[in-house]
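> Output the structure for:
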Amino acid sequence: MSLRRILNVVGLLQLFVGLAMGLAGLVSLFYRDGDSVGIFLAAALTSGAGLFTYRRTRFKGEILPREGFAIVTLAWTAAAFFGALPFLFTGTAPGVVAAFFESMSGFTTTGATVFTDIEELPHGILFWRSFTQWLGGMGIIVLAIAVLPYLGVGGMQLFKAEVPGPTPERLGPRIAQTAKFLWLVYLGLTVLQTLLLMLGGMDLFDASTHTLATLATGGFSPRNASIGHFESRYIHYVIVVFMYLAGVNFALHFRAVTGRLDYFRDHEWRFYTGILLGAALLLLVLNLLGGSYPLSLAGLEHAFRDGLFQAVSIGTTTGFVTADYGLWVPGAMMVIFVLFFTGGMAGSTAGGPKAVRILLLLQQTGREMRKHLHPRAVLVARVGRRVVKEDVLARVLGFVILYALLYIAGAVALALLGADFVTALGASAATVGNIGPGLGGVGPTGNYGWMSQPSLLVLSFLMLVGRLEIYTVLLLLLPETWRKR
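Purely as a prediction, here's the structure:
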């Protein structure tokens, strides 16, 4: 493990973060809200620190797998630390821990916020919140691999450590080419959604900030009522479509662009789509039977739209809302709670356990039951026609166990720090799954600003571990990871 190599790449990534802050500074200059000085100062400090670290730690050779895990974890932590500076220098955050929490929530695409009146924030800060999510969605590591050829030597280690899902997929012969393809699709969808939202009546600022948060499955909105602020069926359905697309494996999108429509042939896609549609229909029926919506044609459409929106938003870990699901009937709230533990497809910008892992667990359960009936039978797990190896199944089982333990530990820690039972369960699930809104005091109409500083630090850790797929962070806690070979 070479600390020099780790710091070199982390420093270079912070240079990217500083340049991104500069764009937020330009937005603040345009709107003249008075926050431009603080944002540009933060950008200069971040870029300067990154450039200094990069120049002082140059190296030759490959990045080793263990170094890849360290780079990704430390890069995300450093991005959250420096990303908090605009909130501090403009005086918009209530404190250092709150600013760090907001920044971590952005870069991990969680969407949990400490702000109570979001619409009072200046435009530059609002743009920076959304932009952190957009950068974190596809990943600043993947961006670096796409534009820095020298990282192509050890790029696969970084790619595996950062890209969500059990098995990252190559789209080109070189990992740098794969990263470029992913970012091209990401950029294309960003431009398309922005244009469609503007056609629906949004101004450029609202359209761009909501698009940045949608494609990242982040959920930060410049409006207090989130998407519920816009009483437009068109806008609601457009955002549903793009939340859904953001939760799909971007490799499938790339193939579609190149003329190969593999969606219907992909078993994980069918499973992922089935979960969201099934949840939406359940919410529709439960809300109508429970009296949450009137039994009329308009009420039916409204119930369907709200159910579909919340199912896709929570299922893809985006976190936008159009309705307060905390007021729904208990059965509907239980459906929402179950969606906390699904997530999008592997290779998407969504968080959570991922649909493919749930699919494999269900298949493994069925296989074990058949083994009891046919002890001598040779049964294999498959995703479509592909046979899943036993070591992959073992890693999936290990991940799910760790995910559950992390969720329970987070909820217990929050309860010990003063949160009530429902809030502790909801906040832990919403942060480790990178969802944002939870239950109780952190529900769709609430925020995290009232929580204690130790609670915010616990939640920040959960967001980081959840975004980086648990192993990437926890491996750094093992002494043997840091030993020299």
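> what about residue 269, how many neighbours?
By the measure other Cβ atoms under 10 Å, the count of residues near residue 269 is 18. C-betas here are computed from N, CA, C, even on glycine.
> Dihedrals phi and psi, the residue lying closest to it once chain neighbours are set aside?
What sits nearest to residue 269 in space, not counting adjacent residues and going by Cβ to Cβ, 6 or more residues apart in numbering, is residue 263, at 5.2 Å. Taking degrees, to the nearest 10, you get phi -60, psi -50 for the backbone angles of residue 263.
> Next up, the contacts around residue 382.
With contacts defined as Cβ atoms under 8 Å, 6 or more residues apart in numbering, the neighbours of residue 382 are 363, 388.
> Now with 10 Å, please.
Contact analysis of residue 382 by Cβ atoms under 10 Å, 6 or more residues apart in numbering lists 267, 360, 363, 367, 388.
> Mind pulling up the pLDDT for the last one?
Right, residue 388. At residue 388 the predicted local distance difference test score is 76.
> Okay, residue 336 and residue 235: tell me how far apart.
As for residue 336, its distance to residue 235 is 22 Å (criterion: Cβ to Cβ, to the nearest Å).
> who's more crowded, these two?
The neighbour count for residue 336 versus residue 235, taken as other Cβ under 10 Å, is higher for residue 336 (25 against 22).
> Spatially nearest residue to that one, not counting backbone neighbours?
With Cβ to Cβ, 6+ apart as the measure, residue 325 is the residue that lies nearest to residue 336, at 5.2 Å, once sequence neighbours are left out.
> The one you found: how many residues sit nearby?
26.
> That one is in contact with residue 319, isn't it?
No - applying Cβ atoms under 10 Å, one finds residue 325 not in contact with residue 319, separated by 11.7 Å.
> joint contacts of those two?
313, 437, 444.
> From the residues you listed, pick the one nearest residue 344.
residue 313 (11.3 Å; Cβ to Cβ).
> quick one on the thing from earlier: if you look at the shared contacts of residue 325 and residue 319, which of them are in helices?
If you go by DSSP state H, these have residue 313 in helices.
> Most neighbours among the shared contacts of residue 325 and residue 319, which one?
For those, neighbours tallied by other Cβ under 10 Å; top is residue 313, 33 neighbours.
> how close does the nearest residue to that one once chain neighbours are set aside get to residue 310?
Counting by Cβ to Cβ, 6+ apart, residue 313 lies nearest to residue 320, which is 4.8 Å off, once chain neighbours are set aside. Taking Cβ to Cβ as the measure, residue 320 falls 9 Å from residue 310.
> joint contacts of these two?
Listed contacts common to residue 320 and residue 310 are 240, 437, 444; contacts here mean Cβ under 10 Å, 6+ apart.
> want to throw those into CSV with distance to residue 85?
Rendered in CSV, the data for the shared contacts of residue 320 and residue 310 read as follows (distance: Cβ to Cβ, whole Å):
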residue, distance to residue 85
240, 35
437, 26
444, 29
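> Which single one of the residues you listed is nearest to residue 428?
Residue 428 lies nearest to residue 437 out of those, by Cβ to Cβ, at 13.2 Å.
> what pLDDT does that closest one get?
The per-residue confidence score, pLDDT, reads 95 for residue 437.
> returning to that earlier point: my read: the residue nearest to residue 313 touches residue 306, true?
No - in this structure, residue 320 sits apart from residue 306 without contact. The criterion is Cβ under 10 Å, and the distance is 11.8 Å.
> Between these two, point out the one with more neighbours.
The neighbour count for residue 320 versus residue 306, taken as other Cβ under 10 Å, is higher for residue 320 (29 against 25).
> ok, the more buried one - contacts?
Neighbouring residues of residue 320 by Cβ under 10 Å, 6+ apart: 111, 210, 213-214, 217-221, 226-228, 236, 239-240, 243, 309-310, 312-314, 436-437, 444.
> Residue 448 now?
With contacts defined as Cβ under 10 Å, 6+ apart, residue 448 is in contact with 98, 101-102, 105, 110, 112-115, 423, 427, 430-431, 436-438, 441-442, 455-456, 459.
> and the gap between it and residue 442?
When distances are taken as Cβ to Cβ, residue 448 and residue 442 turn out to be 6 Å apart.
> what touches both of the two?
The contact lists of residue 448 and residue 442 share 112, 113, 423, 427, 430, 431, 436, 459, where a contact means Cβ under 10 Å, 6+ apart.
> ok, the residue lying closest to the third one once chain neighbours are set aside - contacts?
On the basis of Cβ to Cβ, 6+ apart, the spatially nearest residue to residue 423 that is not a chain neighbour turns out to be residue 440, at 3.4 Å. Taking Cβ under 10 Å, 6+ apart as the definition of contact, the neighbours of residue 440 are 326, 419, 420, 421, 422, 423, 424, 425, 426, 427, 446.
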